[in-house]
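just need the structure, nothing else, for what follows:
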Amino acid sequence: MSDFIIRPLVAADIEKIKKLHARLVPVNYPPSFFLHLLIQHSHSSLIALDPSTNEPVAWVSASLHKSNSHLIGSPEPHIQLLTLGVLPEYQHRGLAKRLVWEVIASLHDDPSVPVPPVYTHVCTTNTPAQAFYESIGMRFLPASNPSGAPYVAKNLYKYPPAWARKANHEENKLFESRDAYVLVGKVTV
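Residues are numbered from 1 along each chain as shown. Okay, here's the model as predicted:
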């Protein structure tokens, strides 16, 4: 894991990250999304490069919200993990965890203040991602009903994406649902 080069996203990386994003995540973000990652001070995006090829193999993006969140019930600032992706051949090496920790640290620069809560949306059928987020301290946001079932954000994703219609990849099963769970927690950096 330590041999990966992790650095902030720069304008020259955008096209490669768009392609990597399209390969791994079935959410078609507009070009402005990637531009905002570069220019908004409340956003941070990091990429991981394979040192042997100097090519991106993973990325993470997040934003810091200084106002309260009615969704996660936090009156304090919070960090939203926007996107995270690691090429399959680079998974299970600690790279995703390292990226999450580093993006949180890039948005939380005051060591005298506790790290704010972190939340993200995860497709209801993407159980590997759900397990990953639970492994770093995040938990399913409970619904406000007495059943104790997790909260589900309905129709968050627009499907089927073009790549899913064209191919029958095993990865497509991770994104069969249009709905997402919200996972939230204190992730230590």
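
pull out the buried residues from the longest helix along the chain.
If you go by DSSP state H, the chain has its longest helix at helix 95-107. Neighbour counts over helix 95-107 (16 or more other CB atoms under 10 Å) mark Leu95, Ala96, Arg98, Leu99, Val100, Trp101, Glu102, Val103, Ile104, Ser106, Leu107 as buried. Every C-beta, even on glycine, is put in place using the N, C-alpha and C of the backbone.

would you agree the third one is in contact with Leu46?
Think Arg98. No - under the criterion of CB atoms under 8 Å, Arg98 is not in contact with Leu46, lying 9.4 Å apart.

which neighbours do these two share?
With contacts taken as CB atoms under 8 Å, 6 or more residues apart in numbering, the residues that reach both Arg98 and Leu46 are Ile6.

any idea which helix or strand in this structure has the lowest mean pLDDT?
Least confident helix or strand, the chain: helix 162-166 with a mean of 47, by mean pLDDT, DSSP states H and E.

past that helix, which element shows up next along the chain?
Next helix or strand after helix 162-166 toward the C-terminus (DSSP states H and E): strand 180-185.

neighbouring contacts of that following strand?
Outside strand 180-185, the residues that touch it by CB under 8 Å, 6+ apart are 71-72, 117-124, 130, 133-134, 136-141, 150-153, 156-157.

and it, average pLDDT?
Mean per-residue pLDDT for strand 180-185: 86.

quick one: strands adjacent to it?
strand 118-123 (antiparallel), strand 138-140 (antiparallel), strand 152-153 (antiparallel) (DSSP bridges).

what comes up buried for the second one?
By neighbour count, with 16+ other CB under 10 Å as the criterion, the buried positions of strand 138-140 are Met138, Phe140.

that one: how far from the chain's middle?
How far strand 138-140 lies from its chain's middle: 14 Å, per CA atoms, centre = their mean, to the nearest Å.

so what touches that strand?
Val118, Tyr119, Thr120, Gln130, Pro150, Tyr151, Tyr181, Val182, Leu183, Val184, Gly185, Val187.

go on, the shortest one?
Counting contacts by CB under 8 Å, 6+ apart, the residues outside strand 152-153 that touch it are His121, Thr124, Ala143, Asp179, Ala180, Tyr181, Val182.

what about Asp13, neighbour count?
Residues lying near Asp13 (other CB atoms under 10 Å) number 20.

and it, what does it touch?
Ile47, Pro56.

of the contacts of strand 138-140, closest to Leu84?
Thr120 (7.7 Å; CB to CB).

run through the bridge partners of the closest residue to that closest one other than its chain neighbours.
Leaving aside its chain neighbours, Thr120 sits nearest to Leu81 (3.9 Å; criterion: CB to CB, 6 or more residues apart in numbering). Counting by DSSP bridges, Leu81 is bridged to Ala62.

distance of Leu81 from Ala48?
15 Å (CB to CB, to the nearest Å).

ditto for Val57
Distance, Val57 to Ala48, using CB to CB: 6 Å.

swap in Thr127?
23 Å.
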